[in-house]
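Chemist: one predicted model, sequence on top.
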Amino acid sequence: MIEDTAIEKIKELRSKTGAGITDCKRALEDSKGHINIAIDNLRKKGLASADKKSSRIAAEGIIESYIHSGARIGVLVEMNCETDFVARETKFKELAKNIAMQIAASPNIQFVSTQSIPQDVIKHEISIESAKDDLINKPNEIKQKILAGRIDKRLKELSLIDQLFIKDSSISIEDLIKQHISLLGENIKIRRFERFILGDGLEKRNDDFANEVAKIIKDN
């Protein structure tokens, strides 16, 4: 018979990972009851199984929305999976909502992944970094190594899946997706997203504050 403390740990591990009861029990046994080690082991197994599913066609899914408090920022994101059954799953819908919230909270991201960044954008970033003063006088070999590292860092700043998850900074959005692939048993993709900022692109009023106050006083 399983002790009450062991049952509680299994419940806690299942709640944190979404893994099956048997997998949670085995992971706790292997980690000698250490929750964090068990989570890491389950995550490694989950990511391995997710990689096998990541090439399968995902043509179903949902379009999720998120409106930030104050209604000044809004997001639409299309999340794809393999079947309509998984698209209706609560866990899938929660994932889509979390991704939409992540987009709202990450003003620098412009693309789903570094692989989806157009070549003209990459060339532009390379031209900016190459022209920086601290690289001008460096030997070419060193310059290219530094440049490669900076470009890699910059492209990841623009990529959604490379961001740290706002609700758990120990994992990236890519890790979060792979965890749900393992949990739901289907390939999951972020296909596209759009961020809306109130008044973006419109010409803003820029009246002189003192004149505006004087006008109000005069009218009253």
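Modeler: Alright, I've got the coordinates. Just so you know, these numbers come straight off a predicted model, no measurement behind them.

Chemist: output stretch 192-206 as CSV, nothing but the C-alphas.
Modeler: What follows is the C-alpha trace of stretch 192-206 in CSV, where atoms were taken according to Å, rounded to 0.1, in the frame of the first residue of the first chain:
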residue,chain,number,x,y,z
ARG,A,192,1.2,32.9,-36.6
PHE,A,193,0.3,35.8,-34.4
GLU,A,194,-0.7,39.5,-34.5
ARG,A,195,-0.3,42.1,-31.8
PHE,A,196,-2.6,45.1,-31.7
ILE,A,197,-1.6,48.3,-29.7
LEU,A,198,-4.2,51.0,-29.3
GLY,A,199,-3.4,53.9,-31.6
ASP,A,200,-0.4,52.3,-33.2
GLY,A,201,0.5,54.1,-36.4
LEU,A,202,-1.8,57.0,-35.8
GLU,A,203,-0.6,60.6,-35.5
LYS,A,204,-0.7,61.6,-31.9
ARG,A,205,-1.8,64.9,-30.5
ASN,A,206,1.1,66.9,-29.2
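
Chemist: pLDDT of it, averaged?
Modeler: Average pLDDT, stretch 192-206: 80.

Chemist: return the set of buried residues in that stretch.
Modeler: Of the residues in stretch 192-206, those with enough neighbours to count as buried (16 or more other C-beta atoms under 10 Å) are 193, 195. For every residue, glycine as well, the C-beta is placed using N, CA and C.

Chemist: give me the neighbour count for G74.
Modeler: Neighbouring residues of G74 were enumerated by other C-beta atoms under 10 Å; the total is 17.

Chemist: does the nearest residue to it once chain neighbours are set aside lie in a helix or a strand, and which?
Modeler: Across the structure, with C-beta to C-beta, 6 or more residues apart in numbering as the measure, the residue nearest G74 apart from its sequence neighbours is F196 (4.2 Å). Using DSSP states H and E, F196 sits within strand 189-197.

Chemist: which other residues reach that strand?
Modeler: The set of residues external to strand 189-197 that reach it, using C-beta atoms under 8 Å, 6 or more residues apart in numbering, is 58, 61, 72-81, 99-100, 103-104, 107, 112, 160-161, 173, 177.

Chemist: ok, 7 Å please
Modeler: The contact list for strand 189-197 (C-beta atoms under 7 Å, 6 or more residues apart in numbering) reads 58, 72-80, 99, 103-104, 112, 160-161.

Chemist: shaky segments in the chain?
Modeler: Counting by pLDDT under 70, the chain contains low-confidence residues at 1-5, 15-20, 44-58, 203-220.
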